[in-house]
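**Student:** Dropping a prediction and its sequence here:
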Amino acid sequence: MTSELLAPDQSGADTRPKRSRTKTVLPWLMVAVWVGLAVAGLSLAGKLDSVTRDGQADYLPASAQSTKVLLAEAELPGGESGLLVVVYERPDGLRPGDREAVVRGHTELAKRFGNDTAAPPEIVDSADGTALMYALPLGREAVAEEARATAEARALLADRPNGLKAYVTGPSALGADMDEVFDAVDATLMLATAVVVAVLLILTYRSPLLWLVPLASVGVAAITAMGVVYALTQIFDITVTSMSSALLIVLVFGAGTDYALLLVSRYREELHTYERPVDAMLAALRGAGPAILASAATVAAGLLCLLAADLNSISGLGPVGAAGIASALLVMLTLFPALLVVLGRRVFWPFVPRVGVEAHASGSRWARLGELVARRRVAGWAVPLVILGALALGTVGASGSLPQLDQFARSTPESVAGAKLIEARYPDQSGQPLTVMSRPAQSREVLAAVESTPGVAEAEVDRASADWVEISVIPVDSPDSAGETATIKRLRERVHKVAGDAVLVGGPSAERLDEAETNKSDRNLVMPLILLVVLAILGLLLRAIVAPLVLVATVVVSFFGALGLCNLLFDQVLGFAGLESSVPLIGFLFLVALGVDYNIFLMTRVREEAARHGTVEGTKRGLAVTGGVITSAGVVLAATFAVLATLPLVMLVEIGILVAVGVLIDTLLVRSIVVPALTMSLGSRIWWPSKLWRTGQERVDDTV
């Protein structure tokens with residue numbers, strides 16, 4: 001795309017620089033420097049996993065009650081507590097010997113995790129006589145290694161009668177299964193993304209060699225980004241979660257490949273004018289560099305807006321993503337051009353560009369599309385906007401809270417299967433424990449308030465220290481139900497009246513409630529901030545007010561259309577139980593920032609052409625020369641994010657599909673038809689109040 005942002009010099013003057021030994025040596029030196037940096041960066045990139053954190057406190061906002069409960073629990077005897085729940089089932093009814101096996105299993109687990117083996121186990125029978133259940137507390141050591149503790153518990157329970165099924169579930173087991181899924185995400189995602197990008201580059205370039213150059217460069221950019229993020233964690237207090245680590249990989253591959261497509265396109269164009277590849281590349285960088293820099297700055301600035309979010313996982317994504325964009329930009333404007341120059345024209349074989357052989361875009365399908373849009377300007381923007389508005393209605397009734405047991409896609413971990421079994425066999429005891437932390441002086445009054453709260457089945461004091469008393473609360477309703485949510489809110493209201501801010505209500509369900517509510521407040525703050533930042537950058541770049549407003553409005557409409565369509569897809573086709581609460585904000589960020597990116601590439605060229613030919617003719621010319629490469633970049637970016645849909649977590653699947661669908665809508669419909677139609681309808685007015693608006697008022701072709 002960038003390769004076509006600026007036309008070659010039409011003055012007829014020989015713009016080719018004199019031969020320079022420095023120009024010949026510089027590309028080789030650049031490649032050598034980057035080889036050294038990549039080797040050194042591998043060690044830092046490999047350490048990123050060591051600072052990736054997926055504890056609840058790493059996702060929750062620091063100000064939330066549930067986060068403070070986690071911190072308070074760590075001060076109690078034994079530290080932060082954990083809980084495994086073991087449920088046995090024989091569908092056709094329990095048999096003699098089953099209970100003895102359950103008791104034996106409980107004893108083995110009690111020995112392993114330091115519980116009192118002399119105390120008789122509290123085993124609960126299901127009403128239908130098909131299941132037995134007990135809970136097993138975990139101490140600090142087991143909580144710190146909950147994945148290993150869960151695996152050991154499952155191994156210890158393998159000795160049981162045939163036909164008797166055993167499930168290890170509970171909060172600790174759910175966390176362990178989630179960690180296991182996250183552990184496999186980065187490697188799987190890196191490989192899948194590389195394969196997808198390689199296939200698309202081969203189809204785009206139809207060259208046996210050229211596709212390897214951007215792929216290798218993007219790989220270096222990914223290593224660089226991971227190393228930079230690790231270094232940032234050693235300097236600043238940045239939260240890096242597995243979600244942000246996965247998005248980092250996708251973002252670097254997607255953005256880096258886009259920059260490569262744009263630069264290669266411009267470089268190929270310049271090779272028709274310049275004999276030496278180094279001179280053609282310098283011209284390509286002069287022409288394409290500013291637009292690429294502007295697009296990278298837009299995405300990076302949008303990502304840094306996430307620092308204003310209260311949710312730790314969202315706030316941490318900002319600098320992580322910005323580091324990825326900066327790394328992709330640096331590599332694709334230094335190493336990638338150097339590799340192309342070193343390889344020379346032969347890298348394009350079998351379609352080698354020759355000096356003096358012009359490639360004309362006037363007869364392309366994009367030129368024909370520009371002519372069609374020019375004849376049907378109003379229909380060109382009115383009809384698509386009506387369609388997108390109709391799709392946006394799909395957001396009505398969208399669920400903003402994905403239940404905990406429905407976070408896994410395509411497979412059901414043992415912890416989830418066990419939790420659902422408890423819901424089915426123990427409908428009156430499926431409530432997930434809540435934790436109330438009280439100051440010792442007020443613990444009696446707090447306990448009384450808890451016990452009198454509607455929706456609470458039972459409550460008892462567990463542990464205590466000089467500063468805190470822990471009260472375990474079992475709600476009547478099942479996890480993530482409307483009844484449980486109402487109980488948590490009532491509970492917080494009642495205990496607050498008794499002890500004010502000296503009492504806290506937490507636990508897994510309260511954590512998810514706090515996360516959903518914080519996501520909502522973050523959206524209300526961060527989304528307008530992103531729009532303001534993007535508007536400011538566009539205003540400076542295009543030196544206008546109307547054009548930035550139009551461009552931002554189109555990507556916002558595109559986002560809501562994509563969100564509505566995807567909400568219907570998630571609900572009606574994929575059968576997801578809801579829209580994960582962080583998906584709209586993350587999707588908004590990427591679709592607005594990346595959507596504006598493509599508009600930057602288009603409108604930068606349109607503005608240049610409009611200065612010479614008028615806005616209408618300039619729009620047609622700009623679309624003709626940028627349409628193909630922008631569309632290729634959009635398809636590659638959409639396919640890159642779509643790789644997230646192959647992962648086993650609903651949250652990442654939803655982000656991947658939403659961004660992929662939104663990018664395709666923006667690339668194929670909004671940027672190709674809506675923006676050109678609006679630009680031609682407004683004529684020179686779109687450049688108001690710049691000089692281009694004043695000089696273009698007299699042009700006949702700028703009238704509607």
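**Tutor:** Sure thing, it's come through.

**Student:** mind checking how far the residue nearest the centre of the chain is from Val643?
**Tutor:** With distances taken as CA atoms, centre = their mean, Leu247 lies nearest the centre of the chain, 4.7 Å away. Relative to Val643, Leu247 is positioned 11 Å away (CB to CB, to the nearest Å). C-beta here means a position set from N, CA and C on the backbone, and glycine is covered the same way.

**Student:** cool, and Arg463?
**Tutor:** 45 Å.

**Student:** Check Ala466 too.
**Tutor:** 51 Å.

**Student:** quick one: which of the two has more around it?
**Tutor:** Shown here are Ala466 and Val643; by other CB atoms under 10 Å, Val643 has more neighbours (26 against 6).

**Student:** Tell me, please, where in this protein the pLDDT is lower than the cut-off.
**Tutor:** Judged by pLDDT under 70, the chain has its weakly predicted residues at 1-23, 78-81, 139-144, 184, 186, 357-363, 397-400, 429-430, 694-704.

**Student:** Report back the residue of it that's furthest from centre.
**Tutor:** Pro96 (51.6 Å).

**Student:** Summarise which helices and strands the longest helix belonging to the chain is packed against.
**Tutor:** Counting residues, the longest helix found in the chain (DSSP state H) is helix 508-542. If contacts are counted by 3 or more CB pairs under 8 Å, 6 or more residues apart in numbering; DSSP states H and E, helix 508-542 sits against helix 56-59, helix 65-73, helix 277-304, helix 312-343, strand 434-438, helix 482-499, helix 546-568, helix 583-613.

**Student:** repeat that with 6 Å
**Tutor:** Contact here means 3 or more CB pairs under 6 Å, 6 or more residues apart in numbering; DSSP states H and E; on that basis helix 508-542 packs against helix 65-73, helix 277-304, helix 482-499, helix 546-568, helix 583-613.

**Student:** Would you enumerate the residues in contact with Gly324?
**Tutor:** 225, 248, 251-252 (CB atoms under 6 Å, 6 or more residues apart in numbering).

**Student:** Which single one of these is nearest to Asp480?
**Tutor:** Relative to Asp480, the closest of the contacts of Gly324 is Leu248; by CB to CB it sits at 29.4 Å.

**Student:** Next up, the contacts around the closest one.
**Tutor:** 320, 324.

**Student:** Using just helix, strand and coil, how would you label it?
**Tutor:** helix (DSSP: H, G, I helix; E, B strand; the rest coil).

**Student:** swap in Gly578?
**Tutor:** coil.

**Student:** now Val625
**Tutor:** helix.

**Student:** about what we covered before: point out the most buried one among the helices and strands packed on helix 508-542.
**Tutor:** helix 583-613 (a mean of 24; mean count of other CB atoms under 10 Å).

**Student:** Helix 277-304 and that one, what's the angle between them?
**Tutor:** Orientation check (axes from the mean of the first three to the mean of the last three CA atoms, to 10 degrees): helix 583-613 against helix 277-304 gives 140 degrees.

**Student:** Just want the angle from helix 583-613 to helix 546-568.
**Tutor:** 140 degrees.

**Student:** can you give me the helices in the stretch 101-250 of the chain?
**Tutor:** For the stretch 101-250 of the chain, helices defined by DSSP state H, counting those that start in this stretch occupy the ranges 140-144, 146-156, 171-183, 185-205, 212-235, 242-271.

**Student:** and of the ones you listed, who's closest to Gly105?
**Tutor:** helix 146-156 (6.9 Å).
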